[in-house]
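Student: model the following, please.
(2 chains)
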There are 2 protein chains.
Amino acid sequence: MMLSVVLIGSGNVAFHLANALIANKEIDLRQVYGRNTAKWQHLKGKTKITNNLKEIDLADIYIISVSDNAIKEVSEQLPPLNGIVVHTSGSTSIDILQHPNKGIIYPLQTFSKEKEIDFQEIPICIEGNSTKTEKTLQVFAQKLSKKVFFVNSEQRKKLHLSAVFVCNFVNHLYYLGQKLCEESNLPFEILQPLIGETAEKIKLLSPFEAQTGPAKRMDTQTIEKHLSLLEENQKNIYNPYKWNGTYFRKW
Amino acid sequence: MMLSVVLIGSGNVAFHLANALIANKEIDLRQVYGRNTAKWQHLKGKTKITNNLKEIDLADIYIISVSDNAIKEVSEQLPPLNGIVVHTSGSTSIDILQHPNKGIIYPLQTFSKEKEIDFQEIPICIEGNSTKTEKTLQVFAQKLSKKVFFVNSEQRKKLHLSAVFVCNFVNHLYYLGQKLCEESNLPFEILQPLIGETAEKIKLLSPFEAQTGPAKRMDTQTIEKHLSLLEENQKNIYNPYKWNGTYFRKW
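Tutor: Below is the predicted model:
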């Protein structure tokens, strides 16, 4: 079944979603919307481009992929629609949408425009306000990805939080590691096999089983040495793990 | 040049090192030492096994791979030796060793006995107390790995700290992510493509460029939602990033 889609928004998620939609032979990307149409110039000739929400084409699915704070406003500006209106936000409830047929298509991944990504490997979390809607969203999501999950709004909130831990906070730790390497005139590349193996390991072992290092060994001497190397604001990151229970207590 | 080695210790690093040494045709693993020889039973018939430091064989290189707190004691119990005595610790200075020819062979990786690993891909950081010693350690390390770095004791201290950030603390965040998934009846597998891509991304983009998420976007509304979902001791992990400067300030 061919499904027609209108994509609203022009951020990182919308950018990668548009590429996946355009490339998919079972999906008809009718139109993309952006306040600034310049962001969609690379799709000129491949689909219609608009910056007017009143001129939205008819489609089976309307995907609102804008910043969390803007979803409500954008959804309210849309004309009455028979198709399914979805957003792509991890932390926003389905209730924010006021359309008769509504849902979520939440691709659980970190998107940067500079980094290509294989959409087929991205877990897509779907939710709909009726069985029929969910069925259609499932068919749609399965065209884009091999990994489709039904995730309700309550589950999705916690899933989004855990994604912030395992992605954004993790990346911030990579950043701190890189700074320490730079301070020592060592290339960041020296840490990459360790970063890769740490991410790889938890496919085979649980994070609990995979844990290594001074805190696991209760090696307080090394921990004290580490603290002495850190600036005050970095200690605030190292310390909570040490003293506030969640780190030491669990291992 | 064939190099002969005695390996002292039986922890995770020694375990994987022994496997790499045994498999290497240009290295002669003469002997392994463990207080508890049962830990080395899988090497019976492949090399000599002892639990007596006074019976250490002659070799080109003696590798002390024991817990940081035990390095000094073990090194002092060794008889006078002409070969090079090294330890494998990231956070311990070369000065702890009292032998005429001494150095470090620090494999920068996370080792668990349950997880196999390709030693050729592990960065090995070497240091020696003379040019001649460093040359021999370089020849030795290059037999084990494609990635050999000269790293002095000052550099290695900071490198070890950064390894704790990008591996141990990262793994702890994976653990928190897994717990949140469990609480929501979602399989941990749903996070694995995100974990993999986050680790993969920093090969192409710097961690600074790769950052995404609510803190990067200054999306305080979502951050408040996240805090409301967390238990008190978990807030201690989320909060410092938010309030104590290092997280928000950098992006």
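
Student: could you use CA atoms for every contact and neighbour count after this?
Tutor: Will do.

Student: so A:Ala141 sits in a helix?
Tutor: Yes. Applying DSSP: H, G, I helix; E, B strand; the rest coil, one finds A:Ala141 inside a helix.

Student: quick check: it vs chain B, distance?
Tutor: Using C-alpha to the nearest C-alpha, to the nearest Å, A:Ala141 is found at 15 Å from chain B.

Student: what helix or strand is A:Leu7 located in?
Tutor: Per DSSP states H and E, A:Leu7 falls inside strand A:3-8.

Student: so what's A:Leu3 closest to, chain neighbours aside?
Tutor: A:Ile27 (5.1 Å; C-alpha to C-alpha, 6 or more residues apart in numbering or on different chains).

Student: ignore the last one, A:Pro193
Tutor: According to C-alpha to C-alpha, 6+ apart, the nearest residue to A:Pro193 is B:Ile122 (6.5 Å).

Student: how near is that neighbour to A:Lys158?
Tutor: 35 Å (C-alpha to C-alpha, to the nearest Å).

Student: give me every residue that touches the residue nearest to A:Leu3.
Tutor: A:2-5, A:21 (C-alpha atoms under 8 Å, 6 or more residues apart in numbering or on different chains).

Student: same check, this time on A:Leu161
Tutor: A:91, B:177, B:226.

Student: mind pulling up the pLDDT for the second one?
Tutor: The reference is to B:Gly177. Here, the pLDDT recorded for B:Gly177 equals 93.

Student: may I have the secondary structure class of it?
Tutor: Under three-state DSSP, B:Gly177 comes out as helix.

Student: what about A:Asp118, how many neighbours?
Tutor: A:Asp118: 10 surrounding residues under other C-alpha atoms under 10 Å in any protein chain shown.

Student: separation between it and chain B?
Tutor: 10 Å.

Student: next: A:Gly103.
Tutor: Taking C-alpha to the nearest C-alpha, one finds A:Gly103 at 19 Å from chain B.

Student: count the residues that sit near the closest residue to that residue other than its chain neighbours.
Tutor: Nearest residue to A:Gly103, sequence neighbours excluded (C-alpha to C-alpha, 6+ apart): A:Gly128, at 4.0 Å. If you count neighbours by other C-alpha under 10 Å, A:Gly128 ends up with 25.

Student: make sure A:Gly128 is actually in contact with A:Ile105.
Tutor: No. Counting by C-alpha atoms under 8 Å, A:Gly128 does not reach A:Ile105; the two are 9.0 Å apart.

Student: show me the contacts for the residue nearest to A:Gly103.
Tutor: A:94, A:101-104, A:134, A:137.

Student: and with 7 Å instead?
Tutor: A:102-104, A:134 (C-alpha atoms under 7 Å, 6 or more residues apart in numbering or on different chains).

Student: among those residues, which one has the most neighbours?
Tutor: For the contacts of A:Gly128, neighbours tallied by other C-alpha under 10 Å; top is A:Ile104, 31 neighbours.

Student: partners of the one helix or strand that one maps to in the sheet?
Tutor: For A:Ile104, the host element (DSSP H and E) is strand A:102-107. Strands adjacent to strand A:102-107 in the sheet, as given by DSSP bridges, are strand A:84-87 (parallel), strand A:124-128 (antiparallel).

Student: count the neighbours of A:Gly213 for me.
Tutor: Neighbours of A:Gly213 (other C-alpha under 10 Å): 18.

Student: please name the nearest non-neighbouring residue to it.
Tutor: B:Asn168 (6.1 Å).

Student: hang on, that neighbour is in a helix, isn't it?
Tutor: Yes. With three-state DSSP as the criterion, B:Asn168 is part of a helix.

Student: which ones are touching it?
Tutor: If you count contacts by C-alpha under 7 Å, 6+ apart, B:Asn168 has them with A:211-213.

Student: which of those residues fall within helices?
Tutor: Judged by DSSP state H, the contacts of B:Asn168 include no members of helices.

Student: reformat these into a markdown table and put distance to B:Gln31 next to each item.
Tutor: A markdown table is the format used below for the contacts of B:Asn168 (distance: C-alpha to C-alpha, whole Å):
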| residue | distance to B:Gln31 |
| --- | --- |
| A:Gln211 | 29 |
| A:Thr212 | 26 |
| A:Gly213 | 27 |
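
Student: around chain B, which positions in the stretch 51-200 of chain A sit nearby?
Tutor: Within the stretch 51-200 of chain A, the residues that sit near chain B (C-alpha under 7 Å from any C-alpha of the partner chain) are A:91, A:108-110, A:112, A:122-123, A:155, A:158-159, A:161-168, A:170-171, A:173-175, A:177, A:180-181, A:184, A:190-191, A:193-196, A:198-199.

Student: next step: those restricted to helices.
Tutor: Short answer: those in helices (DSSP H) are A:155, A:158-159, A:161-163, A:170-171, A:173-175, A:177, A:180-181, A:193-196, A:198-199.

Student: buried subset of these?
Tutor: A:155, A:158-159, A:161-163, A:170-171, A:173-175, A:177, A:180-181, A:193-196, A:198-199 (16 or more other C-alpha atoms under 10 Å in any protein chain shown).

Student: what does the helix or strand just after the strand holding A:Leu7 contact?
Tutor: As assigned by DSSP H and E, the chain's next helix or strand after strand A:3-8 is helix A:12-23. With contact meaning C-alpha under 7 Å, 6+ apart, helix A:12-23 is reached by A:27, A:29, A:65, A:111-113, A:119.

Student: and the residue nearest in space to the middle of chain A, its phi and psi?
Tutor: By C-alpha atoms, centre = their mean, chain A has its centre lying nearest to A:Gln109, at 3.7 Å. Backbone torsions for A:Gln109, taken as degrees, to the nearest 10, come to phi -160, psi 160.

Student: show me what contacts the nearest residue to it once chain neighbours are set aside?
Tutor: Excluding its sequence neighbours, the residue lying closest to A:Gln109 (C-alpha to C-alpha, 6+ apart) is B:Leu194, at 5.0 Å. If you count contacts by C-alpha under 7 Å, 6+ apart, B:Leu194 has them with A:108-110, A:167.

Student: pLDDT at B:Leu194, what is it?
Tutor: On the pLDDT scale, B:Leu194 gets 97.

Student: on that earlier part again, and which of the contacts of A:Leu161 is nearest to A:Ser75?
Tutor: A:Ser91 (16.3 Å; C-alpha to C-alpha).

Student: what number of residues are in the vicinity of the closest one?
Tutor: Neighbours around A:Ser91, by other C-alpha under 10 Å: 22.

Student: got a pLDDT number for it?
Tutor: 92.

Student: distance of the closest residue to it other than its chain neighbours from A:Val164?
Tutor: Spatial nearest neighbour of A:Ser91, excluding adjacent residues (C-alpha to C-alpha, 6+ apart): A:Lys157 at 4.9 Å. According to C-alpha to C-alpha, A:Lys157 stands 11 Å off from A:Val164.

Student: and if you look at A:Asn171?
Tutor: Counting by C-alpha to C-alpha, the gap from A:Asn171 to A:Val164 is 10 Å.

Student: check contacts around A:Ile61.
Tutor: A:4-6, A:83-85.

Student: again, only using 6 Å
Tutor: A:5, A:83-85 (C-alpha atoms under 6 Å, 6 or more residues apart in numbering or on different chains).

Student: partners of it in the sheet?
Tutor: Going by DSSP bridges, A:Ile61 forms beta bridges with A:Val5, A:Ile84.

Student: with A:Ser91 as the reference, measure out to it.
Tutor: Taken as C-alpha to C-alpha, the span from A:Ile61 to A:Ser91 is 21 Å.

Student: ok so, going back, would you turn the contacts of helix A:12-23 into JSON lines with distance to B:Glu231 and pLDDT?
Tutor: Listed next are these as JSON lines, based on distance: C-alpha to C-alpha, whole Å; pLDDT from 0 to 100:
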{"residue": "A:Ile27", "distance to B:Glu231": "43", "pLDDT": "98"}
{"residue": "A:Leu29", "distance to B:Glu231": "43", "pLDDT": "98"}
{"residue": "A:Ser65", "distance to B:Glu231": "30", "pLDDT": "97"}
{"residue": "A:Phe111", "distance to B:Glu231": "29", "pLDDT": "92"}
{"residue": "A:Ser112", "distance to B:Glu231": "31", "pLDDT": "89"}
{"residue": "A:Lys113", "distance to B:Glu231": "34", "pLDDT": "90"}
{"residue": "A:Phe119", "distance to B:Glu231": "34", "pLDDT": "96"}
